[in-house]
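**Q** below are the sequence and a predicted model; questions follow.
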Amino acid sequence: MTRTLRVRQSQTVLPFGVGAVVDIQGESFVATGIGDWPSRARQKVESPRLASRLGVTGFYAAPATVNERFDSPDSPGAPYIRFPSWLFCGACRRMKRWRIADEKPGLPPRCPSCSPARTLAPMRFVQICAAGHLSDIDWWFWAHSRRESDERRQCGEREMLRFQVSERASGLEALSVACAHKGCGASRDLLDILGTHGMRCSGRNPWQRATEAMDCVKPVQVVQRTAGNLYYPVVHSALDIPETEAPVYADEELAGRVREHDLWVSLCRVAGTPRAEVFRTMIREDTGADDQLLDALTAAETGQTTAVSPGSPATPVRPDLSREEWAALTAPVPPATRDFALRETTLGLAHETQDPWAGLRRRIGRIILADRLREVRALSGFTRVSPDSTVVPADTARRLKWLPAVEVFGEGFFLTLDHQELANWEGSSRVRKRVSGMRADLDRSFQKDRLAALTGAELSPRFVLLHTLAHLLIRQLSFESGYTTASLRERIYARPEQDQYGILVYTAAGDAEGTLGGLVQQGEAPRLAETLLRMTEAAAWCSADPLCAEHSGQGFGNLNRAACHACALLPETSCETGNALLDRALVVGGEHVPGYFEPIVVAAWAAAAAALGQTTS
């Protein structure tokens, strides 16, 4: 019997990109490096702006499959190989090390000892290291690990193993690996299998050849093959916006001061070299420009980027792609192309004079409906063990100058806050004090460098406010638009140095026709105003209150305040920061901090109480 292995083209970047382990129909595979992709069938993905920022020549999508059968000979599609190679039979408990020569197209692995033949299952545990390597556990060594070295040498058979289950114990203690070699009988249970055990790293990933292995001295960590720390993809995303003749900067006066600086020409001459940092430091001190502006101006002048190429062993810099997108979304006359169709609308509250509607109108700025968007998502590499570990490039051979990517099409809406209301709210000492605590936690976090690409040089109150607002809005839209929370995504534009103060909520699919317009309809008047009001009312109370509302630090690294799974968190595919830097109190208010939308909540409650009083009387 043949079987169908389904991995959509859009999944070859996230979540099943290069280096990821995929479980399908009881079998386990790992995605190989892009050097093994068939060159004749891959598809070009155009995104010059993203390619320039990442320092690559372009992008390609995995070959599309005709019948989704990845195990038939000569079929197109991104290649995956079987991993782990150690399998076991659920009937006779024999372990078998499966090799490429054992593969039979269209058939899963079968036990050679059982009749009728039983399907083999993959072992549950694998080993990884912080250098990004992944390999099978040396199960023979594990079974013999409690014996002396002289006794181990007496057992010359390394693949006669059994994966046994004891009825006298439970959990991992009931599982053991035993040597079936005659006269040996070595065995060890899996009670303490997780963690480090002094095993040696293979120095490579399963799809790499033995000649590509490196001498790796990183400690090996044993994890389950579906563990969360086995794979952290490094994904970059950019909207396809109309190109302009000259770059647009939020502060043209500051950009002009940089260009007129005495050291600007010298910086451009040595851009990309270690000497450039000396000139950059002096220009920053004299002009007050940040690194993002200097990067953009240098790239525009020299055509070079500060991003590390995919062949570099260093950790790549996540470029700031928000500047041009913010300029396009907030242009007085929204630009329009086939894949970037915008139109402006309002909340429909122009004639409202009573709260909460009048207060809501004062706090919301522009509303832009995006009838069609095109987004390109590119995978530059991945890490293992932790997000700040060594990045393994998508091309592990480090020969290619392109990256794997997919293009998706969709729709959404963009909204900004009122600039003056936001400035008044940010000026509150209580707001600044609350965010300063989050900033201190962020400075201590290993995620600081990654999140700085989104927050800017310093975490600002507006970023936490807008980020939390996007989460609450997506959760509310999931009840009203027909989309699940996992289908909606956010883009936060909240860099104070670029005077950004908006969010984009959108959905996108791999189909070239995009989506059906349901999300855009939710952004039209009066639906969006009603959604925002219901959102603020719902956010004012969490089922985990008062614990959630009064929390001084929760989430990974204590990077959240009043935000938990019951009120503000989203699937991580929807969130740019991985569900970090959220605080519901900044949106709807709390005991010690004023919320930006707190007057709306109070007015809504008062209006509801008045209406209830009129009804009862």
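**A** Good, I have the coordinates.
**Q** and the biggest strand by length in the chain, what other elements does it pack with?
**A** Longest strand in the chain, counting residues (DSSP state E): strand 364-383. With contacts defined as 3 or more C-beta pairs under 8 Å, 6 or more residues apart in numbering; DSSP states H and E, strand 364-383 has these neighbours: helix 48-54, strand 232-239, strand 340-345, strand 392-393, strand 402-417, strand 502-509, helix 518-522. C-betas here are computed from N, CA, C, even on glycine.
**Q** could you dump those into CSV with distance to residue 440 added?
**A** Below are these laid out as CSV (distance: least, C-beta to C-beta, whole Å):
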stretch, distance to residue 440
helix 48-54, 30
strand 232-239, 25
strand 340-345, 39
strand 392-393, 32
strand 402-417, 25
strand 502-509, 25
helix 518-522, 37
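**Q** for the ones you listed, which one sits closest to residue 329?
**A** Distance to residue 329, taken as C-beta to C-beta, is lowest for strand 402-417 among the helices and strands packed on strand 364-383, at 5.1 Å.
**Q** circling back to that earlier point, for the helices and strands packed on strand 364-383, give me JSON lines that also has mean neighbour count, mean pLDDT and distance to residue 152.
**A** Output for the helices and strands packed on strand 364-383, formatted as JSON lines (neighbours: other C-beta atoms under 10 Å; pLDDT from 0 to 100; distance: least, C-beta to C-beta, whole Å):
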{"stretch": "helix 48-54", "mean neighbour count": "20", "mean pLDDT": "88", "distance to residue 152": "48"}
{"stretch": "strand 232-239", "mean neighbour count": "21", "mean pLDDT": "93", "distance to residue 152": "36"}
{"stretch": "strand 340-345", "mean neighbour count": "16", "mean pLDDT": "93", "distance to residue 152": "65"}
{"stretch": "strand 392-393", "mean neighbour count": "24", "mean pLDDT": "94", "distance to residue 152": "32"}
{"stretch": "strand 402-417", "mean neighbour count": "24", "mean pLDDT": "94", "distance to residue 152": "43"}
{"stretch": "strand 502-509", "mean neighbour count": "22", "mean pLDDT": "92", "distance to residue 152": "55"}
{"stretch": "helix 518-522", "mean neighbour count": "19", "mean pLDDT": "91", "distance to residue 152": "62"}
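**Q** of the ones you listed, which is nearest residue 386?
**A** Residue 386 sits nearest to strand 232-239 of all the helices and strands packed on strand 364-383, at 7.4 Å, using C-beta to C-beta.
**Q** mind listing what's buried along the longest strand of the chain?
**A** Neighbour-count burial for strand 364-383, counted by 16 or more other C-beta atoms under 10 Å, picks out 364-370, 372-383.
**Q** what distance separates the start and the end of stretch 152-163?
**A** Stretch 152-163 has an end-to-end distance of 19 Å (criterion: C-alpha to C-alpha, to the nearest Å).
**Q** contacts for it?
**A** 88, 93-97, 123, 139-140, 143-144, 175-181, 184, 186 (C-beta atoms under 8 Å, 6 or more residues apart in numbering).
**Q** in strands, which of those residues appear?
**A** Judged by DSSP E, the subset of these located in strands is 88, 95, 96, 97, 175, 176, 177, 178, 179.
**Q** may I have the beta-bridge partners of the fifth one?
**A** This means residue 175. residue 165 (DSSP bridges).
**Q** what pLDDT is listed against it?
**A** We have a pLDDT of 93 for residue 175.
**Q** could you do the last one as well?
**A** Reported pLDDT at residue 179 in the predicted model: 91.
**Q** next one: the strand or helix carrying residue 362 to chain centre, how far?
**A** Element membership for residue 362 (DSSP states H and E) is helix 357-363. On the basis of C-alpha atoms, centre = their mean, to the nearest Å, helix 357-363 is displaced by 34 Å from the centre of the chain it belongs to.
**Q** can I get it as PDB, trimmed to CA atoms?
**A** Provided in PDB are the C-alpha atoms of helix 357-363 (Å, rounded to 0.1, in the frame of the first residue of the first chain):
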ATOM      1  CA  TRP A 357     -18.100  56.500  20.700                       C
ATOM      2  CA  ALA A 358     -16.800  60.100  20.700                       C
ATOM      3  CA  GLY A 359     -13.900  59.100  22.900                       C
ATOM      4  CA  LEU A 360     -13.100  56.100  20.600                       C
ATOM      5  CA  ARG A 361     -13.000  58.500  17.600                       C
ATOM      6  CA  ARG A 362     -10.600  60.800  19.300                       C
ATOM      7  CA  ARG A 363      -8.100  58.000  20.100                       C
END
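**Q** show me the contact partners of it.
**A** Contacts for helix 357-363 (C-beta under 8 Å, 6+ apart): 347, 349-350, 352, 417-418, 421, 529, 532-533, 596-597, 599-600, 603.
**Q** out of those, which one sits closest to residue 240?
**A** Using C-beta to C-beta, residue 417 comes nearest to residue 240 of the contacts of helix 357-363, at 25.7 Å.
**Q** circling back: just the buried ones among the ones in strands among the contacts of stretch 152-163, please.
**A** Neighbour counting by 16+ other C-beta under 10 Å classes 88, 95, 96, 175, 176, 177, 178, 179 among these as buried.
**Q** any chance of those in CSV, plus distance to residue 549?
**A** Output for these, formatted as CSV (distance: C-beta to C-beta, whole Å):
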residue, distance to residue 549
88, 49
95, 52
96, 55
175, 44
176, 48
177, 49
178, 54
179, 57
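**Q** where does pLDDT dip in the chain?
**A** 1-6, 65-76, 243-252, 299-318, 510-516, 614-617 (pLDDT under 70).
**Q** count the neighbours of residue 419 for me.
**A** Per other C-beta atoms under 10 Å, the neighbour tally for residue 419 reads 11.
**Q** that one is in contact with residue 501, isn't it?
**A** Yes: the pair residue 419 / residue 501 is scored as a contact, 6.4 Å apart, by C-beta atoms under 8 Å.
**Q** hey, what's in contact with both of these two?
**A** residue 365.
**Q** ok, now how distant is residue 7 from residue 100?
**A** For residue 7, the distance to residue 100 equals 19 Å [C-beta to C-beta, to the nearest Å].
**Q** more neighbours, those two?
**A** Neighbour comparison, residue 7 and residue 100: the larger count goes to residue 7, with 20 against 8 (by other C-beta under 10 Å).
**Q** identify the residues contacting the more buried one.
**A** Neighbouring residues of residue 7 by C-beta under 8 Å, 6+ apart: 16, 22, 24, 70, 77, 78, 80.
**Q** quick one: contacts for the first one?
**A** Just to be clear, that refers to residue 16. 7, 22, 31.
**Q** and it, its phi and psi?
**A** Dihedral pair for residue 16: phi -110, psi 50, per degrees, to the nearest 10.
**Q** ok, now which ones touch the closest residue to it other than its chain neighbours?
**A** Excluding the flanking residues, the one nearest residue 16 by C-beta to C-beta, 6 or more residues apart in numbering is residue 22, at 5.0 Å. Counting by C-beta under 8 Å, 6+ apart, residue 22 makes contact with 7, 16, 28, 29, 30, 31, 80.
**Q** then the first one would be within a helix, right?
**A** When you say that, I think you mean residue 7. No: if the criterion is DSSP: H, G, I helix; E, B strand; the rest coil, then residue 7 is coil and not within a helix.
**Q** nice, that's everything, thank you.
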